[in-house]
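**Student:** Need a 3D model of the sequence below.
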Amino acid sequence: MPELNATLIHRHVVADGLVILRVAPDGWDLPAFKPGQFAVLGLPSEAPRTPGSDPEEGTPDPFPRRAYSIASSSLGRDYLEFYIVEVKSGALTPRLLALEVGDRLWLGPKLTGMFTLDQIEPGRNLIFIATGTGLAPYMSMLRTHLAAEPTRRFAVIHGARLPRDLGYREELFHLERDHPHFAYFPVVSRPGADGQPWSGATGRLQDFWRTRPLDALWGAPPSPADTDLFLCGNPGMVEAMMGLLEAEGFRQHTRKTPGQIHFEAYW
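**Tutor:** Now for the predicted structure:
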């Protein structure tokens, strides 16, 4: 069984069942990584679960481990940040959300993943579209590249059920204020369900995309000639957005057939 080799140094509750965690290695150096890559976290089965989580069925995995996208900048090497939603029936997230600052856990020493900006030509516009915690890899990309690339346009379109679920909202508004080449569009699918006022965009992300939010801001519609789009989150959103974007002339990117749509679907 792996030895616990890292410590939780920061815990921010965004909403019930939704947290931002920072994990620092204990006496070893984090390897270099690229924005958009992921790390693996783990805890032994005897670690406590959150009080509201579902009881585990069958024989628990003695040491559940899962991959999570890194949200922190690749320029910093003191800790890794993760944006995590609890799956109440899951083997790991109820244990991760039960951790307190100072508690120890396991952090995989290898950071990897292909959902990166490696194959994007310099200067091309970037549109990051996400639901829920699919925002995490984009935070790493923005924190690493936004200030250093003022000639490239960036945009984030982030969907959540409720306003309180819009993690990183304040940071993204500040980035938008401080960087004229960045635009942030939060979209809520169930406004008013929690009693909080919301005057912003509502509905599903694919419907919001049909309103053409960037055309006037950028002076022209995003085009395959100058823009790449990243999709991350709910597979239904990814599938719907793929259909809309392909109808506009964008194509899915693969190593054999380069295109402008890059995606990761998970739920």
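
**Student:** Going by C-alpha atoms from here, please, whenever you check contacts or count neighbours.
**Tutor:** Fine.

**Student:** the helices in the stretch 151-267 of the chain, which residues?
**Tutor:** 169-178, 205-209, 215-218, 235-247 (DSSP state H, counting those that start in this stretch).

**Student:** so residue 136 sits in a helix?
**Tutor:** Yes. Secondary structure of residue 136 (DSSP: H, G, I helix; E, B strand; the rest coil): part of a helix.

**Student:** Any idea how many residues pack against it?
**Tutor:** 28 (other CA atoms under 10 Å).

**Student:** now do residue 14
**Tutor:** 17.

**Student:** do the one 4 residues further on as well
**Tutor:** A count of neighbours around residue 18, defined by other CA under 10 Å, yields 22.

**Student:** Also residue 140?
**Tutor:** The burial count for residue 140: 24, using other CA under 10 Å.

**Student:** part of a helix, is it?
**Tutor:** Yes. Secondary structure assignment places residue 140 in a helix (three-state DSSP).

**Student:** Would you agree it is in contact with residue 75?
**Tutor:** No. Assessed by CA atoms under 8 Å, residue 140 is found out of contact with residue 75, at 9.5 Å.

**Student:** Let me see the contact set for the residue nearest to residue 194 when sequence neighbours are not counted.
**Tutor:** In space, and not counting its chain neighbours, residue 194 is closest to residue 162: 7.2 Å by CA to CA, 6 or more residues apart in numbering. Listed by CA atoms under 8 Å, 6 or more residues apart in numbering, the contact partners of residue 162 are 188-194.

**Student:** now the residues you listed in TSV, with neighbour count, distance to residue 216 and pLDDT?
**Tutor:** Converted to TSV, the contacts of residue 162 look like this (neighbours: other CA atoms under 10 Å; distance: CA to CA, whole Å; pLDDT from 0 to 100):
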residue	neighbour count	distance to residue 216	pLDDT
188	24	22	96
189	16	24	94
190	15	27	90
191	20	26	87
192	12	29	76
193	11	31	76
194	11	32	77
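
**Student:** Select from those every entry located in strands.
**Tutor:** residue 188 (DSSP state E).

**Student:** would you turn the contacts of residue 162 into TSV with distance to residue 117?
**Tutor:** Converted to TSV, the contacts of residue 162 look like this (distance: CA to CA, whole Å):
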residue	distance to residue 117
188	27
189	29
190	32
191	33
192	36
193	37
194	37
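
**Student:** shaky segments in the stretch 101-250 of the chain?
**Tutor:** Along the stretch 101-250 of the chain, no part satisfies pLDDT under 70.

**Student:** And residue 266, what's its pLDDT?
**Tutor:** Per-residue confidence (pLDDT) for residue 266: 62.

**Student:** same check, this time on residue 59
**Tutor:** Confidence score, pLDDT, at residue 59: 86.

**Student:** number of nearby residues for the residue nearest to residue 52 when sequence neighbours are not counted?
**Tutor:** The shortest distance from residue 52 to any non-neighbouring residue, by CA to CA, 6+ apart, is to residue 88 (7.4 Å). Neighbour count for residue 88, taken as other CA under 10 Å: 19.

**Student:** Contact partners for residue 88?
**Tutor:** Counted by CA under 8 Å, 6+ apart, residue 88 has contacts 52-54, 94.

**Student:** Lovely, talk soon.
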